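Visitor: from the sequence below, what's the structure:
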Amino acid sequence: MKINCDMGESFGPWIMGQDESLMPYLDMANIACGMHASDPQVMLNTIRLAKQNGVTIGAHPGYHDLQGFGRRNISLSPDELHALFIYQIGALHLMCQSEGVPLCYVKPHGALYNTMMKDDTVFITLLKAMQQAAPSLPLVCMAVPNHDQYQQQAHQYGIKLWFEAFVDRAYADDGRLVPRKEPGSTYNDIDAIQAQALSLIHHNQVTTLTGHTVDVYADTLCIHGDGPQALPTAQLLARLLHSKGTSE
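Guide: This is a model prediction of the structure:
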């Protein structure tokens with residue numbers, strides 16, 4: 001199980017997240033591509049930071065929504081979404097190339113991520129875009145109980161999927177994340193985060209807000225870099241999964 005985190009989400013003088021502190025504890029850095037957050041200098045600096053720490057780099061494309069941080073759904077035609085997706089992947093890919101490091105995967109951000117898990121048209125649009133522009137890269141998506149249907153669709157386009165689960169977000173009974181606007185959707189208590197992490201690592205399960213148990217088989221665990229417990233969470237996961245880090 002790998003540790004991934006959304007990174008490079010600052011913009012100009014506005015700072016988001018704790019990238020320099022978090023990076024040593026990560027396996028995978030999902031780097032924003034300038035649409036929901038980031039700018040060219042932030043993207044390049046984050047690539048360099050990941051390179052220094054030996055962290056695998058992935059593109060983190062989202063809707064063109066700086067004000068809403070990419071967390072608002074935007075209705076786009078398949079052609080518009082196709083172009084937006086490829087544009088962002090291409091930008092980060094060339095920046096990685098300039099630093100002599102590979103781009104290794106793609107993970108959509110925010111509302112785009114959630115929408116692709118609910119809307120087959122969006123999911124297939126992203127698969128087609130990757131088939132044309134980045135056929136060798138895996139697509140990261142949510143580890144849900146009915147993940148077989150996503151694997152079957154991805155297989156049709158020759159795209160590998162990596163499934164991820166979340167240690168700092170609450171789950172609903174359908175095995176998906178509780179929307180952020182609902183009370184209790186985000187865990188800010190490190191004990192709750194640890195309990196969910198241990199359940200995922202050792203039992204491939206989460207306990208939902210209503211107390212039900214749901215099976216979740218994940219390849220990677222996600223930390224939200226803008227969360228108040230991001231650094232303690234990264235240290236915790238590094239200790240649990242890789243015998244490094246500290247909970248101090």
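Visitor: any idea which helix is longest in the chain?
Guide: helix 78-98 (DSSP state H).
Visitor: can I get that one in CSV, CA atoms only?
Guide: Provided in CSV are the C-alpha atoms of helix 78-98 (Å, rounded to 0.1, in the frame of the first residue of the first chain):
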residue,chain,number,x,y,z
PRO,A,78,-17.0,15.3,-23.8
ASP,A,79,-14.8,17.2,-26.3
GLU,A,80,-14.3,20.0,-23.8
LEU,A,81,-13.4,17.7,-21.0
HIS,A,82,-11.1,15.6,-23.2
ALA,A,83,-9.1,18.7,-24.2
LEU,A,84,-9.0,20.1,-20.6
PHE,A,85,-7.8,16.7,-19.3
ILE,A,86,-5.0,16.2,-21.9
TYR,A,87,-3.9,19.9,-21.6
GLN,A,88,-3.2,19.5,-17.9
ILE,A,89,-1.5,16.1,-18.2
GLY,A,90,0.7,17.4,-21.0
ALA,A,91,1.8,20.4,-19.1
LEU,A,92,3.0,18.4,-16.1
HIS,A,93,4.5,15.7,-18.3
LEU,A,94,6.8,18.2,-20.1
MET,A,95,7.8,19.9,-16.8
CYS,A,96,8.7,16.4,-15.4
GLN,A,97,10.7,15.7,-18.6
SER,A,98,12.6,19.0,-18.1
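Visitor: who are the packing partners of it?
Guide: Judged by 3 or more CB pairs under 8 Å, 6 or more residues apart in numbering; DSSP states H and E, helix 78-98 is in contact with helix 40-52, strand 56-60, strand 103-106, helix 120-133. C-betas here are computed from N, CA, C, even on glycine.
Visitor: now the angle from it to strand 56-60?
Guide: When axes from the mean of the first three to the mean of the last three CA atoms, to 10 degrees is applied, the directions of helix 78-98 and strand 56-60 differ by 150 degrees.
Visitor: helix 78-98 to helix 40-52, inter-axis angle?
Guide: Helix 78-98 runs at 50 degrees relative to helix 40-52, counting by the same axes, to 10 degrees.
Visitor: for T186, see how far away the residue nearest to T115 when sequence neighbours are not counted is.
Guide: Leaving aside its sequence neighbours, T115 sits nearest to V122 (CB to CB, 6 or more residues apart in numbering; 5.1 Å). V122 is 24 Å from T186, where distance means CB to CB, to the nearest Å.
Visitor: also R48?
Guide: As defined by CB to CB, R48 lies at a distance of 30 Å from T186.
Visitor: and what of P135?
Guide: Distance, P135 to T186, using CB to CB: 35 Å.
Visitor: neighbour count winner among the two?
Guide: Just comparing P135 and T186: by other CB atoms under 10 Å the higher neighbour count belongs to T186, 17 against 11.
Visitor: burial count for Q67?
Guide: Count around Q67 with other CB under 10 Å applied: 7.
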